[in-house]
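Peer 1: Next comes the sequence, and after it the predicted model I'd like to discuss.
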Number of protein chains: 2
Amino acid sequence: MTAPSDLLIRNVRPLGAQAVDILLRGGRISALGARLPATAGCAVEEGEGALLLPGLVESHTHLDKTLWGMDWYRNEVGPLLTDKIDNERAFRAASGHDAGAQSKALAMAFLALGTTRIRTHVDVDTQAGLRHLEGVLRTREALRGLMDIQIVAFPQSGLLGRPGTDALLDQALAAGADVLGGLDPCAIDHDPVRSLDVLFSIAQRHGKPVDIHLHEPGAMGAFSLGLILDRTEALGLQGQVVISHGFCLGDVGLAERDALLARMARLGVALVTSAPPARMVPPLAACRAAGVVLAGGNDGIRDTWSPYGKPDMLERAMLIGLRYNLRRDDELALALDCVTEAGARACGFAGYGLAPGCRADLVLVDAQTVAHAVVERPVRRLVVSGGRVVARQGSLLKGLVEA
Amino acid sequence: MTAPSDLLIRNVRPLGAQAVDILLRGGRISALGARLPATAGCAVEEGEGALLLPGLVESHTHLDKTLWGMDWYRNEVGPLLTDKIDNERAFRAASGHDAGAQSKALAMAFLALGTTRIRTHVDVDTQAGLRHLEGVLRTREALRGLMDIQIVAFPQSGLLGRPGTDALLDQALAAGADVLGGLDPCAIDHDPVRSLDVLFSIAQRHGKPVDIHLHEPGAMGAFSLGLILDRTEALGLQGQVVISHGFCLGDVGLAERDALLARMARLGVALVTSAPPARMVPPLAACRAAGVVLAGGNDGIRDTWSPYGKPDMLERAMLIGLRYNLRRDDELALALDCVTEAGARACGFAGYGLAPGCRADLVLVDAQTVAHAVVERPVRRLVVSGGRVVARQGSLLKGLVEA
């Protein structure tokens, strides 16, 4: 992809502040200020006072699972976590699900709605092997320069129950996965110590960070979380571990919860939540007070697990706001933070933000304030990625990505 | 408003069933069937296989409070229920809030998105007197024939705390309010027996139904609910009482909960929920098992209480689905039921549905199934009210309502 020409966007309000012009050069933000002059050969966009947001961040999704754009999937799945896992494996075996095409379709839909960085968990299991990973690696390659896609090698069917999964995870990291995923060491693997020891040894061997799905509630989840923090500390993995979901932090006693949060803050362990209305969730205010980063993600979108979801991080911010009952404008800014700054910090996306030097990933919407943008989820007037206009009025420009 | 001409809509799928044609005559559904002939002078619309829903029902909102379409309201309100009540009263006194214009703007936005029946709670208090009611009565008149708007005279500042409120409620019912509203007899009025006795005596005097906001949690809410059921039974008001919110039914012991639900079913007392993600909610499955009607409403939309909400009952159905973790297609049909049939039953809207003889209120969307429509919330392709096309592609037809 050729380097973008300079781009001057006039009259935009960064996060609702005073209107400025913003100059993009070499794919980065070069300057913000009142009435910046256009450089020679510079393209110019009129912002007309639109609200300026940094490119949105999806910290937890499953691009490989989605049925986005396909015929409606009739969900008749049972209520247990294992029902959903088994149903999905059976569906894929029968349907020949194409994780490459599906992940690409959903990633492009994310980009059209202003998301420029994604952490996606990709299933690795002994039935499909690395097929889903290979598909998402192709998507990452096809969208390189347009989106930053982090791939988590995720043992959706458990790490211990199906022998050979550890070797597959090993291969997945060698093949290009960025992060090692994990899943409920008690509830799914039934042997938390061995499960976590195997997991962390793979991560150590590759020098890769870890992101663990922890659905386990209450005391069981808090126990598993403690084991994870023990290993994070013992192996010196400060800042390298993320807990996804972490429902237990919403229903464990306050004293134990606050001790866990203090330890997480010390070890730089971040949380990612989809803020599900029907589950307990990590406490936003307590996390912030303790210094634990809490980011937001959609989790799966339109797949065999759940029919819900849109690749729209402003809608996810709204759902986070509703779940945490954020009503004041200063509270709604925290909902946006979950899908912008906090997401970039949790996942380690570099060069993030609206300051000079940051990668020029920008979203313009017609909204009066940040809070207004979150509750209204307006059409994305303009999306810029790496200094290049990629979408207008919610639609990707044609010819951006090879078919 | 003149009677609409006959209208034949071809090739639509009622709630996802086999495609049929549907003939509307004299404002009612006249027939459904394969290849119906157009009558003389009959207008024809091509449905092109769209999903057909009955006009959507909003069972609990506050049209008079909304700031819809106005400049962004910066929310800096405190956390208590009384903070919100006092803040709103002060805001209105200072701003000269026009409940007539605001309620009309929001009602028309509801209609454009397919809602044809609304129950709205309208504030009656000793500061504003009947001003909000008069505004919403004008809106009801302006939209007569297009929407069925039920008005609840609602003592938002409490019934006992501000003397003279009972007389104002009396006047409100005499002036045309359809339903008598109430509010937390313990938590707000601090004298549940006297509060409910005054309330029910006003309702009896006018022969009007009752709809009580019950935010009180746990044991306190269950106690108040018991007092309400006592009066419902003693006064023979079977089928005339609605409980809005009813959070207590989500956090009272199961035995007490089930006894209350059994009694509510016997007395025909319905529930309306907005399914708030941050509060306990009445249990959907247990309500259905007990035979208690549970309907859905947005509650306030974009007002001084809360910045959230859109006048879109499909979005509310989605939020209900998320709150109750409804994932299977048969479960998502229950979410739609809350904003269609159950809403009409809870509020007593007559002639509701898709059967011959029902009022011809219809919505067409491009969706494969009911579940798809709920999670996707597609553009409303066509909205028909009383046999007349009123909106296309999400926009009201011009000239429909006088300015």
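Peer 2: Alright, I've got the coordinates. Residues are numbered from 1 along each chain as shown, chains lettered A, B, ... in the order given.
Peer 1: burial measure for the residue in the stretch 1-150 of chain A that chain B sits nearest to, as a count.
Peer 2: Going by C-beta to the nearest C-beta, chain B is nearest to A:Trp72 of the stretch 1-150 of chain A, at 4.1 Å. C-beta here means a position set from N, CA and C on the backbone, and glycine is covered the same way. Residues contacting A:Trp72 under the criterion other C-beta atoms under 10 Å in any protein chain shown number 17.
Peer 1: And for A:Ala90?
Peer 2: Neighbour tally, A:Ala90, other C-beta under 10 Å: 12.
Peer 1: Quick check, central residue of chain A?
Peer 2: Residue closest to the average C-alpha location in chain A (C-alpha atoms, centre = their mean): A:Ser59, at 1.6 Å.
Peer 1: if we look at the host helix or strand of that residue, which residues are touching it?
Peer 2: Assessed by DSSP states H and E, A:Ser59 sits inside strand A:56-61. When contacts are defined by C-beta atoms under 8 Å, 6 or more residues apart in numbering or on different chains, strand A:56-61 is touched by residues A:106, A:110, A:113-121, A:211, A:244, A:272, A:274, A:295-301, A:311, A:313-314, A:316, A:339-340, A:343-344, A:346-347, A:349, A:352, A:363.
Peer 1: gap between it and the chain center?
Peer 2: 2 Å (C-alpha atoms, centre = their mean, to the nearest Å).
Peer 1: ok, which residues in chain A are in contact with chain B?
Peer 2: Within chain A, the positions adjacent to chain B are A:71-72, A:74-77, A:275-278, A:302, A:305-309, A:318-319, A:321-325, A:327-330, A:332, A:368-369, A:371-372, A:375 by C-beta under 8 Å from any C-beta of the partner chain.
Peer 1: Now intersect these with the helices, please.
Peer 2: Counted as lying in helices by DSSP state H, out of these, are A:318-319, A:321-323, A:329-330, A:332, A:371-372, A:375.
Peer 1: Can you list the strands that the top strand by length along chain A pairs with?
Peer 2: Of all segments of type strand in chain A, defined using DSSP state E, the longest is strand A:43-54. Sheet pairing of strand A:43-54 (DSSP bridges) gives strand A:7-14 (parallel), strand A:362-365 (antiparallel).
Peer 1: now the helices for chain A?
Peer 2: A:81-95, A:99-112, A:131-142, A:165-174, A:192-206, A:218-234, A:254-267, A:284-290, A:313-323, A:329-338, A:341-347, A:370-376.
Peer 1: If the closest residue to A:Arg140 other than its chain neighbours is in a bridge, with which residues?
Peer 2: Spatial nearest neighbour of A:Arg140, excluding adjacent residues (C-beta to C-beta, 6 or more residues apart in numbering or on different chains): A:Ile149 at 4.4 Å. Beta-bridge pairing of A:Ile149 under DSSP bridges involves A:Ile118.
Peer 1: pLDDT score assigned to A:Ile149?
Peer 2: Note for A:Ile149: predicted pLDDT of 98.
Peer 1: Counting neighbours, what do you get for the closest residue to A:Glu134 other than its chain neighbours?
Peer 2: Closest residue to A:Glu134 apart from its sequence neighbours, by C-beta to C-beta, 6+ apart: A:Gly100 at 7.2 Å. By other C-beta under 10 Å, the residues close to A:Gly100 number 19.
Peer 1: thought A:Gly100 was touching A:Glu141?
Peer 2: No. Using C-beta atoms under 8 Å, A:Gly100 is not in contact with A:Glu141; the gap is 10.3 Å.
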